[in-house]
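# Here is a sequence with its predicted model. Questions after.
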Amino acid sequence: MWHQSFGLLGKSYTHDTTGSFLLGKWLHVPLHTIPLCSAVVDVAIQDYVADVASELTYQNKSQISTEILFVFPLSPHIAIYSFQACSEDAKVQAMLQDKLSVSPPTQAQQLHKTTGSWENLECLRDQSEYGGEVFACFLGTLSPGSEVVVTFRYVQELPREPDGAAHFVLPPTLHPYRKLYSSNCLTGKLPYSLLLTASLQSPRGVANVQANFTLTTLIYTAQDCSTAQVSLTGSPPSHHDLEMWVYFGDPSAVSAVVEKGDPGAPPGSLLGDPMVLVTLAPSIPEAVPGQHESGEFIFLLDSTFLDHAQDSLLFLLKSLPLGCYFNIYCYGETSVGIYPQSIEYTQDNLNEAMQHVPSTSSSLGDTNLLGTLRSIYNTPHPHGHMRQLFIFMDGLPPDKEAVVAEVCRHRNSHRCFSFCFSEDSAALATALARETGGEATYIPSDDSMTAVVLKCLKQALKPAAEGISLSWTMPCGLEVEVLGGTPQFIFQGQHSLLYAQIHGQTQDVTVAKGVMTLQYSLDGQDVTHTIEFPLCPKGDGRLAGHRLAARCLLKRLLPEAASGSGDEPRHRAVEISLTSGIFCPLTSYVGIRTPQRVTWYRGLLELLPPRQSLIPCQIIELHGSHKASSCYPRSIWVPPGWLTAVCASWLALCRLTHGIASLPQRGPCSKACKTAPPSISSLTYVDSREFLLSTISGPWFTDAVAECQDLVALQNVDGSWALSSGLASALEVDEFEIKGKMPGVVTDPSIWATVLAVTWLHRHDKCYQDLCELLKAKAVTWLCSRAVCQLDKCLEAANTLLGTNVKSSVFRL
């Protein structure tokens, strides 16, 4: 089950024998796991930032040599900044380089000298059941009984739990308990040792640590409890991931900690200046469903998919809260909204909008998503209403990089919920949601679309802190720059981690202090938080905050570089990537292999530098597969002598390709062709684990949408229903009977009609919870504001008329 945690993979070949000849391409031998012998992991957690250093020792326990490949799964929150591997034969180090600095033909020729190395990367793509972004580096050949030590470091932002804890999970590569090798598949014992230590730091103090494994007693290393250490004790558990929750003192709405810069970096540079790690986590109470809420909701519909979106759009529009603003764009060859700008959510405006939405799809030309987005961003949003986009995508627009760049430029002012209906647009949907803090959903069929989009609408309706602003009071000579900008709002259950670079110098930072003030609006009330923090930089020199700040700054620079607005954004992005070790689309990894000195290297030979060579080392995207896997290794029949034939064929092919490459460029294009610049795309590497795969489907769900669709269409924007023949038809009850059963205490027929509708939606043999939860909340809120004293009588009469047994708690009684 190597696809679940990767680590070191190998491809072994039998000894050469005669009697066979292999024609055509390479025979794909399955990759298998090289056993992990030991893992040493050192974790440094500073508030909600972690730096992880690991040393993994693997051994080839087979009787034949094995080509080895190290693979580490990445996530959107993890960034590798250092990697090397050492064996008795050579040392391999991964280096970042500017994609434009190396001639591609020259590099390709050098890489092809490593026999089979590129093929192993392709083999990984073919055989992996994992879908997502991975770091992969070919390490050469490991002889029987030999060991290889892999050392790599990465940084990550830690999620913040609702109780304020920083949540750390050890990647499965460092604790591959799911890999049950053949010797222990039935016993479940771990064949490797694990040494895990964690250093904890926070200016608020380390209050407590909890874990799902046995820890040593928390040891404080500072009198003010601002630093502490803890480690794994005993054997690690063999049946689950290792998780740890770090609690800090005073989990307030804002915190700040200063990380010292790199003494070797020039002052004024990103790594040379101190960095403030700011955590914004406003305390936002739950909102009562169905009450008046603010917000601007804009729906972007692919015009080629309108036939499938009609039902979902109806439920979405009817579920919006009273008091919000909305607009609808059907983007095709043109980008025209139903209204010039978002308009207030009223009954008349909604009726007009529904009439202007096309009822049939259009297949004319490419979709103009970019033009639609630019039109929206150029339109001012209503004051006090947070902008949220619901983007429905069928196909992939040709200018996808420009689309992402445009969204990135406005990431702090809105949020995107993206829905794709084809695998082609999955990467784009995920990128848009990731950059803005929204959600991306792949919807494989129409059956589940309505419930999925309503689930995202519930997330969008959560309360938020709005109008966020930060102000700084610093000693003379110092100023603060927030990298990447400050978000305009933070939703309930979310937090924002910011990085602020301190420029300048002051007299004595050991005693100086800074003041940061956070201001925002919550439910119409202004809230202010002010904290004082020491400017004396702390840290262990690992620069976790600086490296994550570099990644944050790269996100801001890449759209500018992609737009072609001069060379400065590109040059700065490349410089930041190379100095921080954080990968970006403008740079690429290359593996540098340096042979180890042998004992007989003496005299003049000892003065010669070791000959270095390039080997494949990449961040690649795996698409995954659905092949079944087994605890036991797979076997494959290998024809006798096939390796000799393959090696001979490979060497002949190498000579042929090298000879062709050395030929002069002649023919129709006799001039030297200029190498095209690499594509700048934030879509190349997408973590499929961010995707919400819709699993709500089936005939029953399609029937549920059809059953309540007529009733939903009759609901007013304030949540009420009118007593009409249409309502009687939707409820399948005679209109005269409905009017005759209306209790005498009812002063407004709409009250009776609304109680009937809500009761009908709560029938015991039906389940409309996922479809109508927001609709019912609006209806109950409307009823409670007008007819609390009449609800008991109305509910009793409704149960009798409809043959139901709905409880009074449904109406908050």
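Nice, thanks for sending it over.
# C-alpha from now on. contacts and neighbour counts both.
OK.
# check which helix or strand covers the residue lying closest to Lys61 once chain neighbours are set aside.
Sequence neighbours aside, Gly145 is the residue nearest to Lys61 in space, at 5.4 Å (criterion: Cα to Cα, 6 or more residues apart in numbering). For Gly145, there is no enclosing helix or strand under DSSP states H and E.
# these two touch, right, Gly145 and Gln59?
Yes - Gly145 lies in contact with Gln59 (Cα atoms under 8 Å); the separation is 6.3 Å.
# the more surrounded of these two?
Neighbours per residue (other Cα atoms under 10 Å) separate Gly145 from Gln59, with Gln59 holding more: 19 against 13.
# so who does the more buried one touch?
Ile34, Pro35, Leu36, Cys37, Gly145, Ser146, Glu147, Val148 (Cα atoms under 8 Å, 6 or more residues apart in numbering).
# any idea how far the closest residue to His167 other than its chain neighbours is from Tyr48?
Using Cα to Cα, 6+ apart and skipping residues adjacent in sequence, the residue nearest His167 is Trp245, 4.7 Å away. From Trp245 across to Tyr48, the span is 11 Å (Cα to Cα, to the nearest Å).
# for Cys794, same thing?
In terms of Cα to Cα, Cys794 sits 53 Å off from Tyr48.
# got it, and Pro749?
Counting by Cα to Cα, the gap from Pro749 to Tyr48 is 55 Å.
# Phe72 too?
22 Å.
# likewise Gly164?
10 Å.
# Tell me which of those two has more neighbours.
Tyr48 (23 against 20).
# Could you check how many residues crowd around the closest residue to that one other than its chain neighbours?
Closest residue in space to Tyr48, ignoring its immediate chain neighbours: Leu158 at 5.0 Å, by Cα to Cα, 6+ apart. Counted with other Cα under 10 Å, residues neighbouring Leu158 total 20.
# Give me the helices and strands touching the helix or strand Leu553 falls within, please.
Taking DSSP H and E as the criterion, Leu553 maps to helix 544-562. Applying 3 or more Cα pairs under 8 Å, 6 or more residues apart in numbering; DSSP states H and E, one finds that helix 544-562 contacts strand 49-59, strand 147-157, strand 275-280, helix 400-409, strand 478-483, strand 496-504, helix 568-580.
# Of all the residues in stretch 747-765, which ones are buried?
For stretch 747-765, the neighbour count (16 or more other Cα atoms under 10 Å) marks 750-763 as buried.
# ok, now stretch 153-172?
Of the residues in stretch 153-172, those buried (16+ other Cα under 10 Å) are 153-160, 164-168, 170, 172.
# try stretch 297-313
297-306, 308-313.
# What of stretch 58-65?
Tyr58, Gln59, Asn60, Ser65.
# tell me the contacts of Pro487?
The neighbourhood of Pro487, defined by Cα under 8 Å, 6+ apart, consists of Arg411, Asn412, Ser413, Ile468, Ser496.
# can you do 7 Å?
With contacts defined as Cα atoms under 7 Å, 6 or more residues apart in numbering, Pro487 is in contact with Asn412, Ser413, Ile468.
# Disregarding residues adjacent in the polypeptide, which is nearest to Thr346?
Spatial nearest neighbour of Thr346, chain neighbours left out: Val717 (6.4 Å); criterion: Cα to Cα, 6+ apart.
# do Pro358 as well
Leu306 is the one closest to Pro358 (Cα to Cα, 6+ apart), at 7.3 Å.
# And the one you found, how close does it get to Thr372?
Distance of Leu306 to Thr372, given as Cα to Cα: 16 Å.
# likewise Leu761?
37 Å.
# Next, count neighbours for the nearest residue to Ala500 once chain neighbours are set aside.
With Cα to Cα, 6+ apart as the criterion, Ala500 has its nearest non-adjacent residue at 4.1 Å, and that residue is Val482. For Val482, the neighbour count with other Cα under 10 Å is 18.
# helix, strand or coil for Leu771?
helix (DSSP: H, G, I helix; E, B strand; the rest coil).
# Do you know the pLDDT at it?
You'll see Leu771 listed with a pLDDT of 84.
# and the nearest residue to it once chain neighbours are set aside, what element?
Distance criterion Cα to Cα, 6+ apart; nearest residue to Leu771, sequence neighbours excluded, is Ala451 at 5.7 Å. Per DSSP H and E, Ala451 falls inside helix 449-460.
# which helices and strands does that helix pack with?
Secondary-structure packing of helix 449-460 (3 or more Cα pairs under 7 Å, 6 or more residues apart in numbering; DSSP states H and E): helix 306-319.
# do that again at 10 Å, thanks
Applying 3 or more Cα pairs under 10 Å, 6 or more residues apart in numbering; DSSP states H and E, one finds that helix 449-460 makes contact with helix 306-319, strand 387-393, strand 414-420, strand 439-442, helix 699-714, helix 769-784.
# Closest one of the buried residues of stretch 58-65 to Asp394?
Tyr58 (45.6 Å; Cα to Cα).
# what's near enough to touch the closest one?
Shown in contact with Tyr58 (Cα atoms under 10 Å, 6 or more residues apart in numbering): 7-8, 33-39, 87, 145-150, 192.
# repeat that with 8 Å
Neighbours of Tyr58 in contact, by Cα under 8 Å, 6+ apart: Leu8, Ile34, Pro35, Leu36, Cys37, Ser38, Glu147, Val148, Val149.
# does the last one have beta-bridge partners, and which?
Beta-bridge partners for Val149, by DSSP bridges, are Thr57, Cys86.
# Among the buried residues of stretch 58-65, give me the pair with the biggest separation.
Tyr58 and Ser65 (13.8 Å).
# Can you give me the first-to-last residue distance of stretch 358-371?
Where stretch 358-371 begins and where it ends lie 19 Å apart, using Cα to Cα.
# Let me see the mean pLDDT of it.
Mean predicted lDDT for stretch 358-371 stands at 66.
# and if you look at stretch 501-509?
The model assigns stretch 501-509 a mean pLDDT of 83.
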